[in-house]
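Colleague: Fold the following and give me the result.
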Amino acid sequence: MTNASHYDYAIDPKGNSTANKILKWIGHNQHVLELGTAAGVMTRAIKAQGCTVTGVEFMPDMAELAAPDCERMIVGDLEQLDFRTTFCTERFNVIVAADVLEHLRDPWSLLEQAHQIIDPNGYLVLSIPNVGHAAIVAGLLNGHFDYREKGLLDHTHLRFFTRKGIEDMLLTTGWLPIAWDSHRVAPLDSEFAHHWQAQPAEQRLAIGQHPDSDIYQFIVKAAPASEIGWQQRLQIRIQELTDKSQ
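Modeller: You can find the predicted model right below:
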């Protein structure tokens, strides 16, 4: 039996967490495919926004907990799932993979398959840990890459990404990143604060100058790399520039 508490957390409706940012991008009244539901914390929040949710979860006990809030629950391995036969002609407005891709041997294959089931106007919403976080970099400089029960170096992570790595993965699998957000955690507030503190002050200053140095998780919205996707990216960029000018 899997320890469900390992994957359990609370979502503060008024918070500014990764989960809140994902929910904002999912929106309301959408047809959503959630890849890796775990115990269903995010599933319940997505449903509360008026969405219908199809879930995929590898662990049966987790799937059982999330199933009541799903229109359909599929218990299976994402790396073995054939999207074409599983979903047939079904199409989704939003596909969510919240802290999932880093657990897969071949996330590139999953992203390629996702094109078969996305609506032409649909999009992905992803969250992925940042292996370039300053505290991890500090640890590497001291010869450490310490796996943990959870967090940036969760011992079940098989793949590790920076911003550039995420962008390259999306572009090579036919997806266009149209918006970026992040959850930031200062190095001293991370689980690897001791590695950060062990670095000389001048080294910490140099590492901290990178704009992604305190990003704990990247949150990415991506559309199929089609004319519609480019239009969505342009619209978001125009809105960002408008917001900055006000």
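
Colleague: mind listing the strands in this protein by residue range?
Modeller: Using DSSP state E, the strands assigned to the chain run over residues 31-35, 52-57, 72-75, 92-98, 118-129, 175-184, 215-224.

Colleague: Make a markdown table out of those and add mean pLDDT and distance to Arg84.
Modeller: Quick note: C-beta positions are derived from backbone N, CA and C, even for glycine. Output for the strands of the chain, formatted as a markdown table (pLDDT from 0 to 100; distance: least, C-beta to C-beta, whole Å):
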| stretch | mean pLDDT | distance to Arg84 |
| --- | --- | --- |
| strand 31-35 | 98 | 14 |
| strand 52-57 | 98 | 15 |
| strand 72-75 | 98 | 14 |
| strand 92-98 | 98 | 14 |
| strand 118-129 | 97 | 13 |
| strand 175-184 | 96 | 18 |
| strand 215-224 | 97 | 16 |
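
Colleague: Same list (those) but as CSV, adding mean neighbour count.
Modeller: Below are those laid out as CSV (neighbours: other C-beta atoms under 10 Å):
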stretch, mean neighbour count
strand 31-35, 24
strand 52-57, 24
strand 72-75, 17
strand 92-98, 23
strand 118-129, 21
strand 175-184, 18
strand 215-224, 23
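
Colleague: Dump those strands into CSV; add distance to Asn20 as well.
Modeller: Formatted as CSV, those follow (distance: least, C-beta to C-beta, whole Å):
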stretch, distance to Asn20
strand 31-35, 16
strand 52-57, 17
strand 72-75, 24
strand 92-98, 12
strand 118-129, 11
strand 175-184, 10
strand 215-224, 10
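
Colleague: list the contacts for Asp69?
Modeller: Neighbouring residues of Asp69 by C-beta atoms under 8 Å, 6 or more residues apart in numbering: Gly40, Thr43, Arg44, Ile46, Lys47, Val53.

Colleague: So Ile236 sits against Asp181, correct?
Modeller: No - contact criterion C-beta atoms under 8 Å: Ile236 and Asp181 do not qualify, at 11.3 Å.

Colleague: could you dump the contacts of Asp69 to a markdown table with distance to Val96?
Modeller: Putting those into a markdown table (distance: C-beta to C-beta, whole Å) gives the following:
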| residue | distance to Val96 |
| --- | --- |
| Gly40 | 13 |
| Thr43 | 9 |
| Arg44 | 13 |
| Ile46 | 7 |
| Lys47 | 12 |
| Val53 | 9 |
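
Colleague: Going by distance to Met62, which of the residues you listed wins?
Modeller: Nearest to Met62 among the contacts of Asp69: Gly40, at 7.7 Å, using C-beta to C-beta.

Colleague: could you say what helices and strands the longest helix anywhere in the chain packs with?
Modeller: Longest helix of the chain, by residue count under DSSP state H: helix 227-245. Under the contact definition 3 or more C-beta pairs under 8 Å, 6 or more residues apart in numbering; DSSP states H and E, helix 227-245 sits against strand 118-129, strand 175-184, strand 215-224.

Colleague: How about residues contacting that helix?
Modeller: Pro120, Asn121, Tyr123, Trp175, Leu176, Pro177, Ile178, Ala179, Lys221, Ala223.

Colleague: Would you mind getting the angle between it and strand 118-129?
Modeller: Counting by axes from the mean of the first three to the mean of the last three C-alpha atoms, to 10 degrees, helix 227-245 points 50 degrees away from the direction of strand 118-129.

Colleague: rewinding a little: export the helices and strands packed on helix 227-245 to JSON lines and tack on distance to Asp146?
Modeller: JSON lines is the format used below for the helices and strands packed on helix 227-245 (distance: least, C-beta to C-beta, whole Å):
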{"stretch": "strand 118-129", "distance to Asp146": "14"}
{"stretch": "strand 175-184", "distance to Asp146": "21"}
{"stretch": "strand 215-224", "distance to Asp146": "16"}
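
Colleague: right, so of these, which gets closest to His31?
Modeller: strand 118-129 (7.8 Å).
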